[in-house]
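Visitor: Please work out how this folds:
(one chain, ligands or ions: 1)
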Amino acid sequence: MNLSAARERLIVALDISSIDEARALVRKLGDEVVFYKIGYQLGYAGGFELARELIAVGKKVFLDLKLHDIGNTVEEGIRSIAQMGVTLATVHAYPQTMRAAVKGKAGSNLKVIAVTVLTSYDNNDFIEAGYSGTVSELVAKRAAQAKDIGIDGIVCAATEAGRVQEIIGTDKLIVTPGIRPAGSSADDQKRIVTPAMAIRSGSTHLVVGRPITAAADPVAAAKEIVAEIASAL
Ligand SMILES: O=c1ccn([C@@H]2O[C@H](COP(=O)(O)O)[C@@H](O)[C@H]2O)c(=O)[nH]1
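Guide: Presented below is the predicted three-dimensional model:
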């Protein structure tokens, strides 16, 4: 079992409102977790400073701000993010937005990945939001556009990872949230997949939040997920 390769595939979502609690959790998780995601909840509570601290001690950081704005704002926003030294950042998978992001990251090591359809959406939510067709059709369309535009990877549910891999190829990232170990609560996620199935479906990275951060024993939960990922590699 290659546990160290498995650890590289796990991204723990630090969805916590307090920087001190986030620091304490990172300390507790120690070497078990090498890649952290910082989104709105922690980002707007001082998480950008924590991102810099994590990078300084050798962790990888995924800044998940899901940018979507006029082209100039996205381009300059991504340019600023690229200077922070984070590994990954997200934009929504709208063509204008993705083109602006590709310009903004030019010359940096930042990888920008595009969120296709949020994993909390099913086909009913999709219709309610005014879209026609199905979630999987739009995911496929946006993945093809992202590939043409030169985005580094896709965020989708692992239910769509196989199809997305066929579209974008094996050299791009396929980052999948909505990961739930068998028997755990779906919470507000609608398109959920177990860690092993996500890897077998072609996910390059799995984003896991509450199954680890809200676990009674986060270290044990992370170890179990790493072992499950390793079993599927
Ligand atoms: O489609 C998406 C895009 C991003 N996310 C983010 O991933 C984590 C998932 O957390 P869980 O607690 O494991 O549900 C969270 O930070 C979301 O903002 C997503 O879930 N779906």
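
Visitor: how about the residues of the chain near the ligand?
Guide: 13, 15, 39, 115, 118-119, 155, 177-178, 187, 189, 207-211 (Cβ under 6 Å from any ligand atom). (Each C-beta comes from the backbone N, C-alpha and C, glycine too.)

Visitor: Just the buried residues out of those, in ChimeraX syntax.
Guide: Here is the ChimeraX command that selects the buried residues among the residues of the chain next to the ligand (16 or more other Cβ atoms under 10 Å):
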select :13,15,39,115,118,119,155,177,178,189,207,208,209,210,211
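
Visitor: Now intersect the residues of the chain next to the ligand with the strands, please.
Guide: Those of the residues of the chain next to the ligand mapping onto strands are 13, 115, 155, 207-208, per DSSP state E.

Visitor: And stretch 135-153, what's buried?
Guide: Judged by neighbour count using 16+ other Cβ under 10 Å, the buried positions of stretch 135-153 are 135-136, 138-140, 142-143, 145-147, 149, 151-153.

Visitor: How about the chain: which residue is closest to the ligand?
Guide: Using Cβ to the nearest ligand atom, the single residue of the chain nearest to the ligand is Gly209, 2.6 Å away.

Visitor: Enumerate every residue touching the residue lying closest to that residue once chain neighbours are set aside.
Guide: Counting by Cβ to Cβ, 6 or more residues apart in numbering, Ala13 is the residue found nearest to Gly209 once chain neighbours are left out, at 3.4 Å. Neighbouring residues of Ala13 by Cβ atoms under 8 Å, 6 or more residues apart in numbering: 36-37, 39, 64, 177, 207-209, 213.

Visitor: can you rerun that using 7 Å?
Guide: Contacts for Ala13 (Cβ atoms under 7 Å, 6 or more residues apart in numbering) come out as 37, 39, 207-209.

Visitor: hang on, the earlier thing: reformat the ones in strands among the residues of the chain next to the ligand as CSV; add pLDDT and distance to Glu76.
Guide: Compiled in CSV, these are given as follows (pLDDT from 0 to 100; distance: Cβ to Cβ, whole Å):
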residue, pLDDT, distance to Glu76
Ala13, 98, 26
Val115, 98, 20
Val155, 98, 22
Val207, 98, 26
Val208, 98, 31
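
Visitor: Pick out the most distant pair among those.
Guide: Val115 and Val208 (16.7 Å; Cβ to Cβ).

Visitor: and the closest residue to Asp122 other than its chain neighbours, how far is that from Gln165?
Guide: The spatial neighbour of Asp122 that comes closest, neighbours along the chain excluded (Cβ to Cβ, 6+ apart), is Lys190 at 4.2 Å. Lys190 sits 21 Å away from Gln165, going by Cβ to Cβ, to the nearest Å.
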